[in-house]
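In: okay, predicted coordinates and the sequence, questions at the end:
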Amino acid sequence: MTPSPEHARLASELRALRERTGLSLSGLAAKTAYSRSSWERYLNGKALPPRQAVRELCLLAGEPEGRALALWEITESGWSGRAKEAPRAVTAPQASPSRPTPTPTPTPEPEATARPTGTPPTVVHAQVAPPAHQVPHRPVSAPPDRRTVTLLAVLATVCAVAVAGATVVLVVLTRDHGAARHTAAPASSAVTPPTRPTCRGADCEGLSPMVTKCGAQPETLVRRRMSTGAWMEVRYNRWCAASWARTWGARVGDRIEMSADGAGSPVRRAKIKDDVDTDSFVYTPMTATLPGAVVTACFLPAASDTKECFDSRVAP
């Protein structure tokens, strides 16, 4: 079955989010409650994903969920048939076969009959019908009955509701799209993100950025490609006042570590343990980080003793 335009647009949005996560289908299955085959159907428009699957994908991508959920609402409405149920129930009124419009049949002209020469014709006005081409055909339409009026009123109401719903969705999509393009990074730590994290500052120390929701809408302080081909990033959430590192494309046995400057700042570490990790993002736990702090991250490949380190600074 070919997906509807709305479903195709949702699938395209989900594929773009999946690319931002850097995860394969197996990686998505490992990070969420949905199987690899389910994600394959969702991303290719073969099946409508659950609402929670869309939210989890937005969280993994670090993107706001408003636009994707608006697309999901439109698609789900058409998929379940609710958007088409009311128009199908209203059918155009048909002419009743019990009221055919009679077609006047012309009566033959008296002149067409033979008569004796010189005898004037006898004109019988009550029996002679004028030619059809001289009398305009004006059938009298029966006034619409109550059933027809009711059906037309219902159809007009359904159309009005559909137009109003489309207008609301357009406003939501335009607002979310504009917010995604023009919203700058929060100016201070007092700004609350759309998805409220569950920790802040010292309370985030040693916790997972994904479990605490600090991974939603973070800032990427720096991104580097390592000599092995793996990638590494340092990320920071201003509301959480915490930073962490992540890697992808690494090999089993590779390790990463990071720390923020400051007295007693701990070193947070993570290791690629198996094939699932090689196909996914691997995160370090978070460390509390103040504005203006320098964050140091290092990549330690399993194949050598070389340690690749780099620094980044949190904006004041």
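Out: Perfect, I can see it now. Computed from a predicted model, the values in this text were never measured in an experiment.
In: count the neighbours of residue 16 for me.
Out: Residue 16 has 12 neighbours, counted by other CB atoms under 10 Å. Placement of C-beta: from N, CA and C, glycine included.
In: buried ones in the helix or strand hosting it?
Out: Element membership of residue 16 [criterion: DSSP states H and E] is helix 5-21. Buried positions in helix 5-21, judged by neighbour count with 16 or more other CB atoms under 10 Å: 6, 7, 10, 11, 13, 14, 17, 18, 21.
In: can you check stretch 23-39 too?
Out: By neighbour count on 16+ other CB under 10 Å, the buried set for stretch 23-39 is 23-32, 34, 38-39.
In: surely residue 45 is in contact with residue 3?
Out: Yes. Between residue 45 and residue 3 there is a contact at 4.0 Å, judged by CB atoms under 8 Å.
In: now the strands for the stretch 201-316 of the chain?
Out: For the stretch 201-316 of the chain, strands defined by DSSP state E, counting those that start in this stretch occupy the ranges 219-225, 231-237, 242-248, 255-260, 268-271, 282-283, 287-288, 294-300, 308-313.
In: okay, those in JSON lines with mean pLDDT next?
Out: What follows is these, written out as JSON lines (pLDDT from 0 to 100):
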{"stretch": "strand 219-225", "mean pLDDT": "94"}
{"stretch": "strand 231-237", "mean pLDDT": "95"}
{"stretch": "strand 242-248", "mean pLDDT": "94"}
{"stretch": "strand 255-260", "mean pLDDT": "95"}
{"stretch": "strand 268-271", "mean pLDDT": "95"}
{"stretch": "strand 282-283", "mean pLDDT": "91"}
{"stretch": "strand 287-288", "mean pLDDT": "94"}
{"stretch": "strand 294-300", "mean pLDDT": "96"}
{"stretch": "strand 308-313", "mean pLDDT": "95"}
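In: closest to residue 280 among the buried residues of stretch 23-39?
Out: The shortest approach to residue 280 among these belongs to residue 27, at 3.8 Å (CB to CB).
In: separation between the closest residue to the closest one other than its chain neighbours and residue 44?
Out: Computed as CB to CB, 6 or more residues apart in numbering, the closest residue to residue 27 that is not its neighbour in sequence is residue 280, at 3.8 Å. Here residue 280 is placed at a distance of 20 Å from residue 44 (CB to CB, to the nearest Å).
In: the two - which one has more neighbours?
Out: Neighbours were counted for residue 280 and for residue 44 using other CB under 10 Å; residue 280 has more, 24 against 13.
In: tell me the contacts of that one?
Out: With contact taken as CB atoms under 8 Å, 6 or more residues apart in numbering, residue 280 is in contact with 23, 24, 26, 27, 30, 31, 248.
In: and the first one, how close does it get to residue 37?
Out: Right, the one you point to is residue 23. The separation that residue 23 has from residue 37, given CB to CB, amounts to 15 Å.
In: same question for the second one.
Out: Distance, residue 24 to residue 37, by CB to CB: 13 Å.
In: and stretch 259-270, how far apart are its ends?
Out: Taking CA to CA, to the nearest Å as the measure, stretch 259-270 stretches 12 Å from start to finish.
In: show me which positions of that stretch end up buried.
Out: Buried residues in stretch 259-270, counted by 16+ other CB under 10 Å: 259, 260, 265, 268, 270.
In: contacts for that stretch, please.
Out: Outside of stretch 259-270, the residues within contact range by CB under 8 Å, 6+ apart are 205-206, 243-245, 247, 255-258, 282-290, 293-296.
In: helix or strand for residue 45, which one?
Out: Per DSSP H and E, there is no helix or strand for residue 45.
In: any idea how far it is from residue 220?
Out: Computed with CB to CB, the distance linking residue 45 and residue 220 is 30 Å.
In: with neighbour numbers in mind, choose between these two.
Out: The residue with more neighbours, out of residue 45 and residue 220, is residue 45; 20 against 12, by other CB under 10 Å.
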